[in-house]
Every structure is written in structure tokens, then in C-alpha cells.
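K.L.:
can't give you the sequence, but here's the structure:
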């Protein structure tokens, strides 16, 4: 039962008004299995983010996450990891709105362990920009928040400050202090230093932004903040930097921060992760999709894509066992690899090709007409025929195909797979080396 004090607070609308004036918004993030992350935001939270009331939860999550200040993405991710472990979390991080304006957010939350569809995190955001931003520096110094510089210097490899009044560049954090002097550098001198680790294209972008006293974003529009990647090679090694330009819009716009973040290790890690993802999704022998991945893709397509005609084709090699028995598994592997390569050439770019195991393959035909189904099935039968020479003669490997079409032959993956399998069985027992469309032959 609610206490007297609980009832008192619940009955006073003025308290909600005060909460709104404090810019405290509530959010929930749901990470359902096999689904895109979702963020549900109340009215105050949507106001903090600057998103419309009609935004979809998936888009809301993407918008929020993509605009976390790059120096603090790891702070946010560490906070999320703590939440997943059931810890109460409160962090503060910079965030950019759609216009490129920097704000500061205090965020706290906890995990809802009663949620059964995946993971649910609940919490609050408070806009504390006015609290964090300090008074402008004295007029004889470049104008930028000390807090912003402190954050940048703790997170970035190098931080430089451009004073638009003198067109001089000053170091706040540098890799080699020998290049700098207390009176600052001219723009030309600064470009000379940057030539050590910034590509010519990015140097031009930095120079143009300094001279214009406004940053040009990726869309060619004026902005107060932009991040670009810069790649360069030195002594045979490849290096990557995030190049960040920012103007403190909350002050007098008399200065610009240029910061560099070495992301070489993250690039290497991302490449490793991409390789691992590729390995987990691909069949190790044929380098096409494995069974689990192509099934997942089909299920996801049927669940989320517009309902356009599509089809599932199952393929089984005829006379493959004698190849293995007579020539050995190495020759059998060669036949499987050749079959996968030819199958990719036969199918359209929009189709997905996978190996189920052994000598069984699956093809998912997207947005396909009945005429195209007949044409593609016939091309599979004709194009996958292969003569394998042995000491005792020639073994002719052919393919039998069974096809089930959406929606007439099934509306789920299981239904389409079962009916395609029935059609394949028909092809096998009708003499092999042919195709059958479920329910038509």
C-alpha cells in the first residue's frame, strides 16, 4: 500500500512540471534476441534528444547511439556492460544533437531482470549542459570551455586549439612538443606538422575550416562539429586517426578545437571481428553461407521485409557418393567447391546461396516471378552438370532441385523448407537431374 507521502507526490502535477524543468527524461532500451535494439523515450527524453514524437524505437536507439561523443563511446559501453551485470550505473558524457551542438548528459539506470524476451535496461537522462559548462575564459585567451579541453585531452592522442582572432594554433596535448612554441603556430606552420600524420585531403579540410571559421560536414553543410577518418602509412605501417573538429557554440565562436584520436588498434580489432563474423556465417569449405546463417536470413526476411514473391530451392547432387568412394574426399571437396562457385554465377546478385551440409545446398530467391523461378531452376539443373574422370571411366554428377514458393506453398521458413524438400524428393524419384516446383509437377 502506498504511504501518505507517496500519495501526496502522486497527486501534485506541479512536481511533474518541476521534473520537466530539470530536463530529466526516462528511457527504456530493449535488446530482444534476433531484433534491432529499441529505445523507448518519454516526452522529456525525446526533447533532450531532439527527436519527433513519431520516431520508431529502433530509429530512436540508432539516433541516440550514433551521436555519443566519440571520446566517450567507451564510457557508455562500459556503463552498458555494468548494467547487463546488474550493477546500478551513473555516468556523464558529451552528446551531439542533429545540428552538431554539444550537450552534456547525466545518465543512470539499471537492468530489468523480469524481462523475458531478451534484455531490458531502464533509466534516466538529465541535460546538465548548464552545470558542466564553465564561464568563458578571459578575453586574451582562446575561448573554449576548460571542461571540454580536459575531456578531450584525457581521451585523445592530440588536441590543438585555433584562435580565430589571431589565426594562431596552440597546443593543449601534442605528440612532439619540439614542433611547437609558446606563441603558437601560423596556419601554414600547423599544416606542416599535420603532414606527418594526416592525409592531404584531410589537411585541406582542416585548413578550409580554419580559414572559413566554420566546419564543413560530410554532406557539405556548415556545422559546429564533424568527425572524419584519416589513413596514412609510415615506415611500412598503416595508421588510422579520427580527426575531430569542433566549435564551442555555447561561447563566442572565437576558437576551434582540432583533436586526433589514434584508432589504429580499433581498426585492426574491427577487421578481426569482421573476419570472425565472416567465418561464423560461412561454410568453411565452399565459402558460401552455412546452414544456420541462410536459415536465419530467410526467417528474418519473411518476418520483416515487404511481402513480395520469393522462393526456397533445395538442391542435392546426384551420383556424388561414387566420386567420394572412387576418388576420395579431396576430389569430392573439389566437386562441392565447383558446385558452389557455379551456383553463385547462375543465381542473381539478390539471391542467397548456402550449403546445408554434405552435398545439399539451398538458394533463397528474393522478389522473383514464376517465370524467373522456372528459368533459374532450369539453369541450375543444366549448369551444375559435371563429368568427373576416374580410372574406371566417367562419373556424371547432376543436381536435383525442389522449389517451394511464397506465399502459395508456405508463409514460414518451416513450411517452405518442408515443401521444397517434398519437391526435391519428387525430382529424385522421377529420374534425377531435373527440377520440381511444389504442387505443379
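P.N.:
Here it is on my side, so go on. The shown structure was predicted, so the numbers you read here are calculated from the model rather than taken from an experiment.

K.L.:
going by C-alpha atoms from here, please, whenever you check contacts or count neighbours.
P.N.:
Will do.

K.L.:
show me the helices in the stretch 1-150 of the chain, by range?
P.N.:
With helices called from DSSP state H, counting those that start in this stretch, the stretch 1-150 of the chain shows them at 4-10, 13-21, 43-49, 57-66, 73-84, 129-132, 146-155.

K.L.:
I'd like the next helix or strand past the lengthiest strand in the chain.
P.N.:
In the chain, assigned by DSSP state E, the strand with the most residues is strand 393-406. Following strand 393-406 in sequence order, the next helix or strand is helix 413-429 (DSSP states H and E).

K.L.:
work out the gap between that following helix and the centre of the chain.
P.N.:
36 Å (CA atoms, centre = their mean, to the nearest Å).

K.L.:
for the longest strand of the chain, name the packing helices and strands.
P.N.:
Applying 3 or more CA pairs under 8 Å, 6 or more residues apart in numbering; DSSP states H and E, we find strand 393-406 packed against strand 310-318, helix 320-327, helix 370-383, strand 386-390, helix 413-429, strand 435-437.

K.L.:
sort out which residues of it are buried, please.
P.N.:
395, 397-406 (16 or more other CA atoms under 10 Å).

K.L.:
how about stretch 101-119?
P.N.:
Buried, per 16+ other CA under 10 Å, within stretch 101-119: 101-112, 119.

K.L.:
switch these over to a markdown table; also include distance to residue 417 and pLDDT.
P.N.:
Listed next are the buried residues of stretch 101-119 as a markdown table, based on distance: CA to CA, whole Å; pLDDT from 0 to 100:
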| residue | distance to residue 417 | pLDDT |
| --- | --- | --- |
| 101 | 52 | 70 |
| 102 | 52 | 69 |
| 103 | 52 | 78 |
| 104 | 52 | 81 |
| 105 | 50 | 87 |
| 106 | 50 | 89 |
| 107 | 47 | 91 |
| 108 | 46 | 92 |
| 109 | 44 | 92 |
| 110 | 42 | 92 |
| 111 | 39 | 92 |
| 112 | 37 | 91 |
| 119 | 31 | 90 |
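
K.L.:
which one of the helices and strands packed on strand 393-406 lies closest to residue 80?
P.N.:
When those are compared by CA to CA, helix 413-429 sits nearest residue 80, at 34.2 Å.

K.L.:
the closest one packs against which elements?
P.N.:
By 3+ CA pairs under 8 Å, 6+ apart, helix 413-429 packs against helix 291-304, strand 310-318, strand 393-406, strand 435-437.

K.L.:
nearest residue to residue 106 other than its sequence neighbours?
P.N.:
The shortest distance from residue 106 to any non-neighbouring residue, by CA to CA, 6 or more residues apart in numbering, is to residue 92 (4.4 Å).
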